[in-house]
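A.B. asks: show me the folded form of this:
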Amino acid sequence: MSTRAVEVGSGYRPRGREYGYTNARIRGMRSRLLKESFFDDLMSAKDIGAVIQDIMQTEYGPDLEGRILHGRNATQVDEALKDNMTRTFQKVLSHSNDEARNLVTTLLGRWDLFNVKTIIRGKHMGLSEEEIVDSLITVGQLTQIDAEELSRQPDIRSVVDTLAMWGLPFAVPLREALPEYEEEQELPVLELALDRYYYQWATKRLRGWRENKRIARAFLETQVDTMNLLTCIRLLNADLGDIDPLRFFLPGGRIVTEKLFLELSELSDVDEVFGRIKQTPYGKPLDEVALIFMEKGSVSIFERALEDYLFRVAFATSKGDPLGIGLAISYLWAKANEVTNLRIVVKGVSVGMPVERMREELIIV
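C.D. replies: I've put the predicted structure just below:
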């Protein structure tokens, strides 16, 4: 998607379709993922100082050691965690063969999408540069320097112009949608344009019938399905008037086709949606949180359930061919989940969040 190459470390990188070397390295990295018991102990830490002491004993120690020179606080710990995640993802890419590198960078484009949307959203809401940067995780092709420069731009139009000047394709859908956004001031106009552009690009890159492309494409299709399902749930109580619901549909899913999306968008309540998707892979994870939704009435309950399901699908990709792309996908998403869990606990302990509340936020597989 970017015209600029991802910078990776030096060292041997197999070419062609060799996966033995790559996956041997990934297995070693996966063995260092933190256990559930570590999170149990960390959530019980008395203060951020104790959290820092515990994390220093893990592979995050070197990243944390440099950051806490600027302060022994939750902000610096959070930055160290993001540093480690970025470094780890680049390490996997540096040891990947040509095919794996292509597949992984395509899937990691999701993080570039996330970062651009976060920056656009921050400008729309009038957030400061610091507030925007704090939310970014630069593990795709946008570097930290790129992201900080974009966050410094005074408004959305300047962000789009900067992306265009750099030759980054995300500028294309944004430029097309910008006039409508500036007239209506509706942020979803830009976000939908970005989503549609990325998933169409990624789907095209993952076409083909080789097994590794099939595995990567199936995971991408699951991402699209979960996004479309969440959109349908959000549309239940929306007054669309004459707006065609298919305007919000993202092509590229496997289960949630255009026909099913339109059918779901015409239903009147959540129970009807559950009934229609009960026999799909998404029926069980949504049904498990239905009662919680009834109590709290927040769509974020379903968003979390679908996110949880997506992570579990990612983790399961390693159960097939041990010499294929599945292990890389599984590990990278497990690592991302681990960092997310750590960030939740660090923030939770720093503000005195009850342990049970923190535990509810974690995804432990």
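
A.B. asks: residues touching the worst-scoring helix or strand of the chain on mean pLDDT, excluding its own?
C.D. replies: Counting by mean pLDDT, DSSP states H and E, the weakest-scoring helix or strand in the chain turns out to be helix 290-296, with a mean of 84. By C-beta atoms under 8 Å, 6 or more residues apart in numbering, the surrounding residues in contact with helix 290-296 are Val270, Phe274, Ile301, Phe302. Where C-beta positions appear, they are placed from N, C-alpha and C, glycine not excepted.

A.B. asks: what's the farthest-apart pair in the residues you listed?
C.D. replies: Phe274 and Ile301 (12.9 Å; C-beta to C-beta).

A.B. asks: buried stuff in the least confident helix or strand of the chain?
C.D. replies: For helix 290-296, the neighbour count (16 or more other C-beta atoms under 10 Å) marks Phe293 as buried.

A.B. asks: one more: stretch 260-270?
C.D. replies: Leu260, Phe261, Glu263, Leu264, Ser265, Leu267, Val270.

A.B. asks: can I get the contacts of helix 290-296 in CSV with secondary structure, pLDDT and distance to Val351?
C.D. replies: Below are these laid out as CSV (DSSP: H, G, I helix; E, B strand; the rest coil; pLDDT from 0 to 100; distance: C-beta to C-beta, whole Å):
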residue, secondary structure, pLDDT, distance to Val351
Val270, helix, 84, 32
Phe274, helix, 87, 35
Ile301, helix, 89, 22
Phe302, helix, 90, 26
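
A.B. asks: out of those residues, flag the one nearest to Asp134.
C.D. replies: Ile301 (25.2 Å).

A.B. asks: kindly provide the distance from the residue nearest to the closest one when sequence neighbours are not counted to Glu361.
C.D. replies: Spatial nearest neighbour of Ile301, chain neighbours left out: Phe293 (4.6 Å); criterion: C-beta to C-beta, 6 or more residues apart in numbering. For Phe293, the distance to Glu361 equals 17 Å [C-beta to C-beta, to the nearest Å].

A.B. asks: most remote residue from the middle of the protein, which is it?
C.D. replies: Ranked by distance from the centre of the chain (C-alpha atoms, centre = their mean), the top residue is Asp242, with 32.6 Å.

A.B. asks: contacts for stretch 47-54, please.
C.D. replies: 38, 41-42, 45, 64, 68, 72-74, 77, 345-346, 349-350.

A.B. asks: redo those as a markdown table? Include distance to Lys123.
C.D. replies: Shown next, in a markdown table, are the contacts of stretch 47-54 (distance: C-beta to C-beta, whole Å):
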| residue | distance to Lys123 |
| --- | --- |
| Phe38 | 38 |
| Asp41 | 40 |
| Leu42 | 35 |
| Ala45 | 36 |
| Leu64 | 31 |
| Ile68 | 31 |
| Arg72 | 32 |
| Asn73 | 27 |
| Ala74 | 25 |
| Val77 | 27 |
| Val345 | 30 |
| Val346 | 27 |
| Val349 | 31 |
| Ser350 | 28 |
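
A.B. asks: are any of these buried, and which?
C.D. replies: Here, 16+ other C-beta under 10 Å leaves Phe38, Leu42, Ala45, Leu64, Ile68, Ala74, Val77, Val345, Val346, Val349, Ser350 buried among the contacts of stretch 47-54.

A.B. asks: for Ala238, give me its contacts.
C.D. replies: By C-beta under 8 Å, 6+ apart, Ala238 has no neighbours at all.

A.B. asks: ok now the longest helix seen in the chain, how far from the chain's centre?
C.D. replies: Counting by DSSP state H, the longest helix found in the chain is helix 98-125. Remark: helix 98-125 is offset 8 Å from the chain centroid, using C-alpha atoms, centre = their mean, to the nearest Å.

A.B. asks: mind listing what's buried along it?
C.D. replies: The neighbour-count check on helix 98-125 (16+ other C-beta under 10 Å) flags 99-124 as buried.

A.B. asks: for that helix, packing partners?
C.D. replies: With contacts taken as 3 or more C-beta pairs under 8 Å, 6 or more residues apart in numbering; DSSP states H and E, helix 98-125 sits against helix 74-94, helix 129-134, helix 144-152, helix 156-165, helix 187-205, helix 211-235, helix 326-350.
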